[in-house]
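**Student:** need a 3D model of the sequence below.
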Amino acid sequence: MQSLKILLLGVAIGSATCLPASASSSAWYNSEGGRVRLVTSGKADEAGRLQGVLDIALKPGWKTYWRDPGDAGVPPQIDISASTNIADATLSFPPPQRHDDGYGKWAGYDHPVSLPVTFTLAAPGQPAVIDADIFLGICETICIPVQTRLTIAPGADPDNAEDAALVKAGLATLPATATPDFGINVLPGDHETLIVEASFPGTPEAADFFVAGERDYMFGAPTRSESEKDGKLIFTVPILDRPSTTPTDGGLHYTLTSAAGAVEGLLPFP
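**Tutor:** Model prediction:
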């Protein structure tokens with residue numbers, strides 16, 4: 001928990017507001033471990049969905065978190081409540097890597113990363129201004145919060161080819177949708193254990209399983225074993241905390257990685 005305390009103590013230092021940008025991308029916000037900006041494709045589709053990325057340019061040696069940061073970090077967050085004609089913003093995540101900072105194991109990225117964001121317009125076809133409060137943690141030997149407001153008027157530069165290409169590249173990094181041949185099957189566990197059987201191309205040594213602690217769930221690092229029945233790879237994940245009542249809607253996001261790529265999906269609440 002020490003890294004969480006360090007992170008929270010620095011929140012005020014990491015706060016800043018960036019000036020609005022009359023373009024499909026915001027100004028950069030600079031911090032000690034890197035810089036952050038929002039980029040959009042400039043044009044929403046007919047349903048009012050506007051694609052973008054949270055562009056995180058980490059300095060060498062610095063890391064940032066996946067959607068589940070473990071028990072001592074914070075996931076990237078975006079608040080669009082101050083925006084005009086923006087009803088929702090949903091972050092998506094490329095496949096993470098597993099890290100150990102000496103305080104605990106967590107999932108994240110040790111390289112510059114673009115997190116795709118889908119903005120939904122409240123009134124499709126009408127002008128919109130994205131006024132987003134961004135909060136994320138970046139870590140070297142300690143973790144530092146990055147808190148800033150990033151502003152974009154996407155319609156001011158709707159045909160910016162460079163921004164559109166960056167968004168397209170960010171979307172291309174996302175895991176594919178899980179299939180029976182590349183995905184997981186939940187096996188019987190108990191109140192304190194999640195057990196999944198993984199199917200994937202490539203060697204077992206290159207495979208890893210990440211499950212997001214959401215809806216008051218918290219998970220530990222998985223252990224690996226092979227099924228005695230068919231030799232398939234089994235991941236056993238400790239359930240460190242859980243809600244008092246098991247949710248009945250939705251599920252938990254997971255990502256399964258292998259030498260041949262990555263897939264993602266939802267698994268039932270254990």
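**Student:** where does pLDDT dip in the stretch 101-250 of the chain?
**Tutor:** 103, 228-229 (pLDDT under 70).
**Student:** mind listing the strands for it?
**Tutor:** 105-109, 113-121, 130-139, 143-152, 176-177, 183-190, 193-199, 208-211, 218-219, 223-226, 233-241 (DSSP state E, counting those that start in this stretch).
**Student:** so how far is the fifth one from its chain's centroid?
**Tutor:** Relative to the centre of its chain, strand 176-177 is centred 15 Å away, using C-alpha atoms, centre = their mean, to the nearest Å.
**Student:** just the CA atoms of the lengthiest helix in the chain, as PDB, please.
**Tutor:** The longest helix of the chain (DSSP state H) is helix 161-172. Only the C-alpha atoms of helix 161-172 are listed here, as PDB (Å, rounded to 0.1, in the frame of the first residue of the first chain):
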ATOM      1  CA  ALA A 161      -5.200  13.100 -41.400                       C
ATOM      2  CA  GLU A 162      -2.400  12.800 -38.800                       C
ATOM      3  CA  ASP A 163      -4.900  12.700 -35.900                       C
ATOM      4  CA  ALA A 164      -7.200  10.200 -37.700                       C
ATOM      5  CA  ALA A 165      -4.200   8.000 -38.400                       C
ATOM      6  CA  LEU A 166      -3.100   8.000 -34.700                       C
ATOM      7  CA  VAL A 167      -6.600   7.100 -33.600                       C
ATOM      8  CA  LYS A 168      -6.800   4.200 -36.200                       C
ATOM      9  CA  ALA A 169      -3.400   2.900 -35.000                       C
ATOM     10  CA  GLY A 170      -4.600   3.000 -31.400                       C
ATOM     11  CA  LEU A 171      -7.800   1.000 -32.200                       C
ATOM     12  CA  ALA A 172      -5.600  -1.500 -34.000                       C
END
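**Student:** check which helices and strands that helix is in contact with.
**Tutor:** strand 34-40, strand 49-58, strand 113-121 (3 or more C-beta pairs under 8 Å, 6 or more residues apart in numbering; DSSP states H and E). All C-beta atoms are positioned from the backbone trio N, CA, C, and that covers glycine.
**Student:** got those as TSV, with mean neighbour count and distance to I130 columns?
**Tutor:** Formatted as TSV, those follow (neighbours: other C-beta atoms under 10 Å; distance: least, C-beta to C-beta, whole Å):
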stretch	mean neighbour count	distance to I130
strand 34-40	24	7
strand 49-58	22	8
strand 113-121	21	6
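**Student:** which residues are in contact with F209?
**Tutor:** Shown in contact with F209 (C-beta atoms under 8 Å, 6 or more residues apart in numbering): I184, V196, A198, P222, F235, V237, Y254, T255, L256, T257.
**Student:** now it: how far from W62?
**Tutor:** For F209, the distance to W62 (C-beta to C-beta, to the nearest Å) stands at 25 Å.
**Student:** tell me who's in contact with the nearest residue to P243 once chain neighbours are set aside.
**Tutor:** Computed as C-beta to C-beta, 6 or more residues apart in numbering, the closest residue to P243 that is not its neighbour in sequence is D216, at 4.0 Å. By C-beta under 8 Å, 6+ apart, the contact set of D216 is D241, R242, P243.
**Student:** highest neighbour count among those?
**Tutor:** Within the contacts of D216, most neighbours by other C-beta atoms under 10 Å means R242, with 19 neighbours.
**Student:** pretty sure that one contacts Y217?
**Tutor:** Yes: here R242 reaches Y217: they are 5.4 Å apart, a contact under C-beta atoms under 8 Å.
**Student:** which neighbours do these two have in common?
**Tutor:** In contact with both R242 and Y217: P270, using C-beta under 8 Å, 6+ apart.
**Student:** ok now do A87, which residues does it touch?
**Tutor:** Residues near A87 by C-beta under 8 Å, 6+ apart: T120, L121, A122.
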